[in-house]
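1. predicted model and sequence follow; I will ask about them next.
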Amino acid sequence: MMPPEPLKLRVLEAARQRPTPPRVDRLPSTIALAALAAVAMSAVLQWGPPLLGDAGGVAHVAGRPAASGAWILAGTVALALSATWLVLPFRRSMLSPPRGLLLGVIIGVPLLVGAWLVLWHTTYDDPFTRAGWRCFALTALTAPWPFVALAFASRRVEPRHPGTAGAALGAVAGAWAAVTVELWCPLAVPQHVLVGHVLPLVALALAGAAVGARLFRLRRV
Amino acid sequence: MQAVMGQVGFMADCGNAVEETRASRADSAMDRYACGDEAAFGDIYDALSPRLHRFALRWTRSRTAAEDTVQQTLLQIHAARHRFVCGSAVIPWAYAIARRLLIDLGRRGMREELRADDVRDPEEPATAPSPEEALHRRRVEEEARRDLAVLPAGWREAFELVKFEELSVAEAADVLGITRGMVKIRTHRATAALREAMARRLRDPPDRTTHPAPRPSRSRDLSEGGRPT
């Protein structure tokens, strides 16, 4: 059964009444936004900790051996890059990756960040002891910036699973925030890692799900 | 039932070449439209609307809702024109949008009302059959529809997209947001479940007087391969 002819006229008229611009190259804006996000994250790293009653900047991490620090940082960067590559639609499609893959990223990022840190705990003695709430707060302050850049880079409309897509972006933003926090925090004791490094990533995924469900859902035109 | 299933098999086998042409036509039209060719939207409509209309009509069984879904889907595509990724497949994207709109429609509690709206099946031939044939066909279709309706939603959706909408496994996976392997598994399970239901019915036909050539009733023991007692 073919749709009736008046429907075509109605659709074409409705489209004519709501003009949309032709395609624009989003790459320069995306790169600019990513650069801005990197600057904002650096600013948080520098001036965020003093707000929490601690010293800011990379000097704070001095208590950790440089080699361990480099490995921890390299692993976290690799994880963040992989998660970004998996979540962002780099392939030629208007749709995000399958839900299973997104769920894998949502669950995998916090687990791998935590496991990678704890793995290096045995290589050095922690310079001091903290519960981890400063790292939690620093992650929460750092993550919104990459989240904005990632949301812009994605297609912004996800008709199938907007909540899951948002949660995956939240997890990836959390992975980039974890990279920043690793530049500041020298601790790798399991209790601290759980509270300060894994818990905020779980919270960010949940927040991403809530934001994504509203931001990426289909709205009637 | 055999006729319905046979038609499903025929559609799956023969429709691919035509559908590929239609897909490439839709893709090239969308590319042109995204680049600023205003007239290409008419081509997008021509390429997508029959399929979307059939899909929505099968889902809702309401002409009004189907037309609204087609209109909304095309307007969503129009609204996303400036974000369209060059070389993307339009058909899975359009189906994904239409499916979401239909799910939302169902969530608003309208689906049951819409299903009550009696609309002819989109696959039904236009020629008028004899009253007996029509009655028999309607009963077979009702039974097939009932079998399809009792399948798990995931199986049913994969089956409908692959068998009725003639999407490839990759396209159906894109529409549903699952992996290709999962689409294959769900379609296979749905097919097996439908085949089993059909076989069960053929073995044990319900006692109705509407059938054009009623078959003699057989005892359950015999129909299941046992000996009559």
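-> Alright, I've got the coordinates.
2. what does chain A put close to chain B?
-> For chain A, the residues in contact with chain B (C-beta under 8 Å from any C-beta of the partner chain) are A:1-4, A:7-8, A:10-12, A:14-15, A:18, A:20-24, A:26, A:89, A:92-96, A:98-101, A:155-157, A:159-161, A:218, A:220-221. C-beta here means a position set from N, CA and C on the backbone, and glycine is covered the same way.
3. contacts for stretch A:148-159, please.
-> A:26, A:29-30, A:33-34, A:36-37, A:84, A:87-89, A:94-96, A:165, A:169, A:172-173, A:211-212, A:215-218, B:76, B:80, B:83, B:85, B:96-97, B:99-100 (C-beta atoms under 8 Å, 6 or more residues apart in numbering or on different chains).
4. would stretch B:138-147 count as contacting chain A?
-> No. Contact of stretch B:138-147 with chain A (C-beta under 8 Å from any C-beta) is absent, the minimum separation being 14.9 Å.
5. would you map the helices across chain B?
-> B:2-14, B:16-34, B:40-60, B:63-79, B:90-107, B:111-116, B:131-149, B:153-159, B:169-176, B:180-203, B:220-223 (DSSP state H).
6. okay, the angle between the third one and helix B:90-107?
-> Taking axes from the mean of the first three to the mean of the last three C-alpha atoms, to 10 degrees, one finds that helix B:40-60 is oriented at 40 degrees with respect to helix B:90-107.
7. tally of neighbours for residue 182?
-> All of this is about chain A. Applying the criterion other C-beta atoms under 10 Å in any protein chain shown, we find 24 residues in the vicinity of residue A:182.
8. oops, wrong one, chain B.
-> The burial metric for residue B:182, expressed as a neighbour count using other C-beta under 10 Å, is 19.
9. same thing with the one 10 residues further on?
-> Residues contacting residue B:192 under the criterion other C-beta under 10 Å number 11.
10. do you know the pLDDT at it?
-> The confidence metric pLDDT takes the value 94 at residue B:192.
11. where's it relative to residue B:198, distance?
-> Between residue B:192 and residue B:198 the distance is 11 Å, computed by C-beta to C-beta, to the nearest Å.
12. again with residue A:209
-> Residue A:209 sits 41 Å away from residue B:198 when distances are taken as C-beta to C-beta.
13. before we move on, the earlier item: PyMOL command for the buried members of the contacts of stretch A:148-159?
-> Isolation of the buried members of the contacts of stretch A:148-159 (16 or more other C-beta atoms under 10 Å in any protein chain shown) is achieved in PyMOL through the command below:
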select buried, (chain A and resi 30+33+34+37+84+87+88+89+94+95+96+165+169+172+173+211+212+215+216+217+218) or (chain B and resi 76+80+83+85+96+97+99+100)
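14. pLDDT weak spots in chain B?
-> Applying pLDDT under 70 to the predicted model, the residue ranges of chain B that meet it are B:1-23, B:109-129, B:205-229.
15. redo that, cut-off 90
-> When residues are selected by pLDDT under 90, those of chain B lie in B:1-26, B:36, B:38, B:58-63, B:81-89, B:103-150, B:153, B:164-166, B:197-229.
16. chain A too?
-> Low-confidence regions of chain A, defined by pLDDT under 90, span residues A:1-6, A:19-27, A:48-66, A:68-69, A:88-98, A:120-132, A:152-160, A:187-188, A:215-221.
17. spatially central, which residue of it would that be?
-> In chain A, the C-alpha nearest the mean C-alpha coordinate belongs to residue A:173, at 1.1 Å (C-alpha atoms, centre = their mean).
18. so what's it up against?
-> A:143, A:144, A:145, A:146, A:147, A:150, A:204, A:208 are the contacts of residue A:173 under C-beta under 8 Å, 6+ apart.
19. the more surrounded of residue A:209 and residue B:198?
-> residue A:209 (21 against 18).
20. how much space separates that one from chain B?
-> Between residue A:209 and chain B the distance is 15 Å, computed by C-beta to the nearest C-beta, to the nearest Å.
21. ok, and the closest non-adjacent residue to that residue?
-> Distances taken as C-beta to C-beta, 6 or more residues apart in numbering or on different chains put residue A:167 closest to residue A:209, at 3.8 Å, once the chain neighbours are dropped.
22. quick check: that neighbour touching residue A:104?
-> No. Taking contacts as C-beta atoms under 8 Å, residue A:167 lies outside contact range of residue A:104: 11.6 Å.
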